[in-house]
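> I would like to see how this sequence folds:
(4 chains)
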4 protein chains.
Amino acid sequence: MVKIKKIALLTGGGDCQGLNAVIRAATRTAILQYGYEVIGYTFGYRGLYENDYISLALETVSGILHRGGTILFSSNKDNLFNFPIIENGKTVKKDVSDIAVENLKKENVDALIVIGGDGTLASALEFARKGVYVVGVPKTIDKDLMGTEQTFGFNSALGVATEALDRLHTTAESHHRIMILEVMGRGAGWIALESGIAGSADVILIPEIPYDINKIVDKVEMRQRLGKKFSIIVVAEGAKPKGGDVVVQKIVEDSPDPIRLGGIGHKLALDLEKLISEHEIRTTVLGHVQRGGNTSPYDRILSTRYGVEAVNLINQGKFGTMVSLQGDEITHVSLEEVMGRHKLVDPNSKLVAVARSIGISFGDM
Amino acid sequence: MVKIKKIALLTGGGDCQGLNAVIRAATRTAILQYGYEVIGYTFGYRGLYENDYISLALETVSGILHRGGTILFSSNKDNLFNFPIIENGKTVKKDVSDIAVENLKKENVDALIVIGGDGTLASALEFARKGVYVVGVPKTIDKDLMGTEQTFGFNSALGVATEALDRLHTTAESHHRIMILEVMGRGAGWIALESGIAGSADVILIPEIPYDINKIVDKVEMRQRLGKKFSIIVVAEGAKPKGGDVVVQKIVEDSPDPIRLGGIGHKLALDLEKLISEHEIRTTVLGHVQRGGNTSPYDRILSTRYGVEAVNLINQGKFGTMVSLQGDEITHVSLEEVMGRHKLVDPNSKLVAVARSIGISFGDM
Amino acid sequence: MVKIKKIALLTGGGDCQGLNAVIRAATRTAILQYGYEVIGYTFGYRGLYENDYISLALETVSGILHRGGTILFSSNKDNLFNFPIIENGKTVKKDVSDIAVENLKKENVDALIVIGGDGTLASALEFARKGVYVVGVPKTIDKDLMGTEQTFGFNSALGVATEALDRLHTTAESHHRIMILEVMGRGAGWIALESGIAGSADVILIPEIPYDINKIVDKVEMRQRLGKKFSIIVVAEGAKPKGGDVVVQKIVEDSPDPIRLGGIGHKLALDLEKLISEHEIRTTVLGHVQRGGNTSPYDRILSTRYGVEAVNLINQGKFGTMVSLQGDEITHVSLEEVMGRHKLVDPNSKLVAVARSIGISFGDM
Amino acid sequence: MVKIKKIALLTGGGDCQGLNAVIRAATRTAILQYGYEVIGYTFGYRGLYENDYISLALETVSGILHRGGTILFSSNKDNLFNFPIIENGKTVKKDVSDIAVENLKKENVDALIVIGGDGTLASALEFARKGVYVVGVPKTIDKDLMGTEQTFGFNSALGVATEALDRLHTTAESHHRIMILEVMGRGAGWIALESGIAGSADVILIPEIPYDINKIVDKVEMRQRLGKKFSIIVVAEGAKPKGGDVVVQKIVEDSPDPIRLGGIGHKLALDLEKLISEHEIRTTVLGHVQRGGNTSPYDRILSTRYGVEAVNLINQGKFGTMVSLQGDEITHVSLEEVMGRHKLVDPNSKLVAVARSIGISFGDM
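Just a heads-up that it's a prediction; the model follows:
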């Protein structure tokens, strides 16, 4: 087994509460527990390619446990296996991963902790195949990664979305409105599903269960007959009608004053306005508010456990792995095993059944 | 002076945190302090016209102090001086205010407390001119009513907007983004101005100070030169470019899949994307989340003081008035004096100067 | 299998966020899914004894999902197997459980859902042994019940304690203070352990790991040498020194002005003041603030799942059970199996090791 | 008029949300608006005496707007006019203010901004009398400083206290408890008064209105007769019974295990327990949780306005002054005029009358 002396961290992909907590826990454990030297590459793999990094000492990670964002910065455009390079004045995409491997050797980095979502971890697996000692930490507010029961960031995003639903509730009730809240979730509807249950939504629309607009109208009208003259709809950005396509925000360039079009939340409002006349309908699109700000206590603990375990795995020589939550315990799985697969909401799962039991409609029946 | 035995309350216009706190304080004071009977008309003036009301007892107003919304419900379409009536199968607009006055007499209501914004209070003034004993309570999250230093609801909305800015900040910083937050404020920029100062915005765009897109770009680039590779922009929905018009959300009906277009927040993103290439730009539109949910402690106190004073004014026979905050003290002004005028942000005010002093740009210079 | 037509709910023991969410979910599922009639006994078993109950309809449970407390009320003094009865002017303790069983029969209640902690569930088991069809729902902010990975209320209490630590942190840091936060946990240190990790505590003291005051001083002094001139200590109310006893709040009756003495938090401050002179030490005792107020999204979802499953178990005829969280799934265990045992923090567990890895001291080494 | 080139800041006294916001605003204004050099003395006047300071640049004050605490640190023991010096092995108190004045000259500091409460500002006045160009900024969570309508920190503390009351409410209601919340306020009852109104307390006890324990019992019993089987009492730490003394936390040194005694909150519980038998009574002492953590939006704006104005006053040569809020406007008063006087709650004020109008008892009648 290799004798580890120096490790590196990097954070990739979109923002997510808990990144700093992982960085802090991993750094502290590496230094205090194992005496490793620790560096952090900046802007994800881009820093690895450009050999841009900062030294991570106890002081560097002080005071960051609760803070959103990442002190290592991050980027969405850092795939080194298909990286934009300017050659002869033109941008071409190239595999520059070997340069990254060289840089690791040059800096005597023995092992690399990669904190990111599916794209970032897929690259981690590629680097593992190239012989780099890699450990992954699953990050996504969407909770759609295989191999772990929970990803950090999800609980924080759930908190933001639920608070928004709480706020919309009082207005909906006193002004007899239909309130639509569009939350994140392109491929997986976890935030919509769980915030919908927590925030007392009447209708939850998720990508995994295509909806029929008439079923939503039925639900609103049934509530009205029961004296509930308002309805709350939470919709994942990737939700779509039966047989229809996902509504993506797009730009109308040829209009006199080209502007960006709204997504599913706005489409739904328009479609419902044609079918329901008694209510005013309002849409809120939460957007990036879900990804930043203070990390929830749950995510701070989960991130801390992940960060510590990632360093333990390095110490134990268990590379090519990803830390994982299984029940109460932090454990690990092989990156090979989980990459390329997404954990979607199962329409036949118990959690969906729970929502149906208490009367929530998914717009499908 | 008339001997008051019975009073009525109503809430009109859009939602606003603190409505329930006013209702509670007025009801408790009326009953405990003066022994009045209290009723509440539902859905604003509409209830007055249809004689729909509920009795307000101590128990009715128990547990509502902190809750957003209004237990009396509200409506945006309740102008009795221009009310939609169906006659011969057609909807025509009529002045039905005399029916409301009759209803007050029929129910032996001696005085009416009207809680609402400028539209609702303008009607209150009309009723006062018709001889109804009216006292107004100024309500608007926009803080744009003349005659009072503060309207309830504003502090709560400020809290929601500021928290959103805090959340956007961490992502902007770690992902080098330009984050745009669109907040409420069609005619007045108070929420944008104060949340911008509280939430550490770099650019604040308000209706009262038309902006030049190039000045915003200058600010972003100057920050970049100082090593700050991100910027936060808060924009009131009524903000507009110099010489330009307000961007209203509109519907493109003739597109194959007609959808609602975004407002100023989205327009700004598109315009900036053409001028700034280094940053990704993201827009969040807070919408109705600003109007509902738990009322802030400040607004609970202000609303309570207003509710108590409104009943005191009735007891003192001071009708045709609106309760008002002046400095530390609750006092009152004449409705006649303040109606029809809006309190806009003065571009030359000290508060705007404060923002400029600490380096905030208004996109104008 | 018995044909269920009517079920009853009761909530027992101390307060806990999520009780209303369980009541709501169980009631909605019973009515919407199975067509049961539902009643709720008030003040725990006391209502069962006195046959005091309310009817639970959809409207009764509307708007309560997020609210702390319990609409069924609760009591700490409701053990019907040892119940205080006044006989001949004297209070004697008697087993009055047969009267409760009679009442259930009289009201045609087919099955009973008991929501409570170990005391309340122990009684539930006794009733099950007497032939009552019982299903239990585990409730405790302390998370110390066997047979389930999570009890509702814990995540909400964790949130309150962590926010308090966040607040104490800024003052400790800028004023060079030692801040002690006493949190709930008489027998089990879960809240202290998890809030300590989430809230960046330097020392965590829990009942399961007796402390040595000198080790705490060592930790404070080591931090000082590293330039950290402040320390945060979180202490469970049941924490105790090695070889010492738990410090209970007690009353000094014979002093001129008898007053209640502080608990472990205050004792610790006094003991440390004698050993550390450079710092001022401040203690906050959170108390019941941890048990009430808005329920966290996590707890709302867990409580909803428990409430639905409890009714499913009744429908399936699985009595004498308690709903339980195992990994991602809601399942159930036999009450017989789990009663009388507590889930304490294992000093050798991975979670304690995680805390030690990032440098947290438990005052023991 | 002196030409200002360099200014210094210091923060003194107990912690308070908003200190960092003042530091940031003053530093940014001084640099961006006036081109001043800025330094900050550490640990209040102690830094001035020991000539310990840090340079304040734009970067130094970046990211601190919302954070509690003070990046300049603070101390409660920094009165240079009566400062503890060790002479011949003994600690003696001396006036060392001349050394501070010398240090200012040595560093070419032209003017000094002192941010603090009454003790700190009283020293500021002394320094002004010695010819130092001083501007004061009023800081206290207690809101008891004369000459300004509002001190920063109060609104944040109000938020913490009100949230605690909200949390206690749900438990009190569902468990029929009497809940006592002890909040800060030794001499002035502003936090208790305003959080009591905002948090729906039934009884508010403040130093300015001595209470009669029997009147509190009357209130609890009257509520009971109205079906409200719980009561919420908020008590300022300096509240006292009629004819009685303030209950201070003290240490019983001669008891076998000397421990600190509780304050008024605990005394009140004991006294009430003797008079009311139907309810369990619980006390929470919030303590320093009220002083730290995130600053409220209101306080961020107020602090920013104060910080900017302090520098404006220096620029205008208006020394010996304190910035002040009057109505909507930031202005200034003479330190001479306001020092040595406290702004207490006037028992005959309109705000107390408001509380009485809605049925709140002050325990006096």
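
> quick one: what helix or strand has residue A:348 in it?
Following DSSP states H and E, one finds residue A:348 outside all helices and strands.

> same deal with residue A:163?
helix A:154-175.

> Show the model's pLDDT score for the residue lying farthest from the centre of chain A.
Relative to the centre of chain A, and counting by Cα atoms, centre = their mean, the farthest-placed residue is residue A:225 at 38.6 Å. Listed pLDDT for residue A:225 reads 92.

> what does the one 5 residues further on give?
In the prediction, the pLDDT value recorded for residue A:230 is 95.

> again with residue A:258
Residue A:258 is given a pLDDT of 42.

> Same question for residue A:339.
At residue A:339, the pLDDT value in this model is 86.

> does residue A:363 really touch residue A:215, like I thought?
Yes: counting by Cβ atoms under 8 Å, residue A:363 touches residue A:215, with 4.9 Å between them. Bear in mind the C-beta positions are built from the backbone N, C-alpha and C, glycine included.

> Neighbour count for the two, which is higher?
Each of residue A:363 and residue A:215 has its neighbours counted (other Cβ atoms under 10 Å in any protein chain shown); residue A:363 has more, 25 against 16.

> quick one: contacts for the more buried one?
A:203, A:205, A:209, A:211, A:212, A:213, A:215, A:216, A:219 (Cβ atoms under 8 Å, 6 or more residues apart in numbering or on different chains).

> again, but for residue A:184
A:141, A:142, A:157, A:191, A:236, A:237, A:286, A:287, A:290, A:291.

> Next step: those restricted to strands.
The members of the contacts of residue A:184 that map onto strands under DSSP state E are residue A:236.

> that older thread, now flag whichever of the contacts of residue A:363 is closest to chain C.
The nearest member of the contacts of residue A:363 to chain C, counting by Cβ to the nearest Cβ, is residue A:219 at 12.8 Å.

> Pull the number of nearby residues for the residue nearest to the closest one when sequence neighbours are not counted.
Excluding its sequence neighbours, the residue lying closest to residue A:219 (Cβ to Cβ, 6 or more residues apart in numbering or on different chains) is residue A:361, at 4.2 Å. By the other Cβ under 10 Å criterion, the neighbourhood of residue A:361 contains 23 residues.

> With residue A:226 instead?
Neighbours around residue A:226, by other Cβ under 10 Å: 11.

> re earlier: ok, then the element right after the helix holding residue A:163?
Per DSSP H and E, the helix or strand that comes after helix A:154-175 is strand A:177-183.

> That next one pairs with which strands, and in what direction?
Here strand A:177-183 is paired, per DSSP bridges, with strand A:231-236 (parallel), strand A:280-285 (parallel).

> chain center to that strand: distance?
21 Å (Cα atoms, centre = their mean, to the nearest Å).

> Also stretch A:144-159?
On Cα atoms, centre = their mean, the centre of stretch A:144-159 falls 7 Å from that of its chain.

> hang on, the earlier thing: next one: the residue farthest from the centre of chain A from chain B, what distance?
Look at residue A:225 and chain B: by Cβ to the nearest Cβ, to the nearest Å, they are 18 Å apart.

> Can you spell out the domain ranges of chain A, please?
Structural domains assigned to chain A are A:6-152+A:295-327, A:158-292+A:346-357, following automatic domain parsing.

> Ends of the last one, what's the gap?
It refers to domain A:158-292+A:346-357. 21 Å (Cα to Cα, to the nearest Å).

> Let me see the contact set for the closest residue to chain D within chain A.
For chain A, the residue closest to chain D is residue A:294, as judged by Cβ to the nearest Cβ, at 8.2 Å. Residues near residue A:294 by Cβ under 8 Å, 6+ apart: A:17, A:66, A:67, A:68, A:156, B:166.

> Most neighbours among those, which one?
Neighbour-wise, the contacts of residue A:294 (other Cβ under 10 Å) top out at residue A:17, 33 neighbours.

> pLDDT wise, what is residue A:280 at?
Taking residue A:280 on its own, its pLDDT is 88.

> What sits closest to it if chain neighbours are left out?
residue A:177 (5.3 Å).

> and the gap between the one you found and chain C?
For residue A:177, the distance to chain C - Cβ to the nearest Cβ - is 16 Å.

> Please apply the same query to residue A:291.
16 Å.

> And for residue A:208?
From residue A:208 to chain C the distance is 16 Å (Cβ to the nearest Cβ).

> contacting residues for that residue?
Contacts of residue A:208 by Cβ under 8 Å, 6+ apart are A:188, A:189, A:344, A:345, A:346, A:347.

> Need the nearest residue in space to the last one, chain neighbours excluded.
In space, residue A:347 comes closest to residue A:209 once its chain neighbours are excluded; the distance is 5.1 Å by Cβ to Cβ, 6+ apart.
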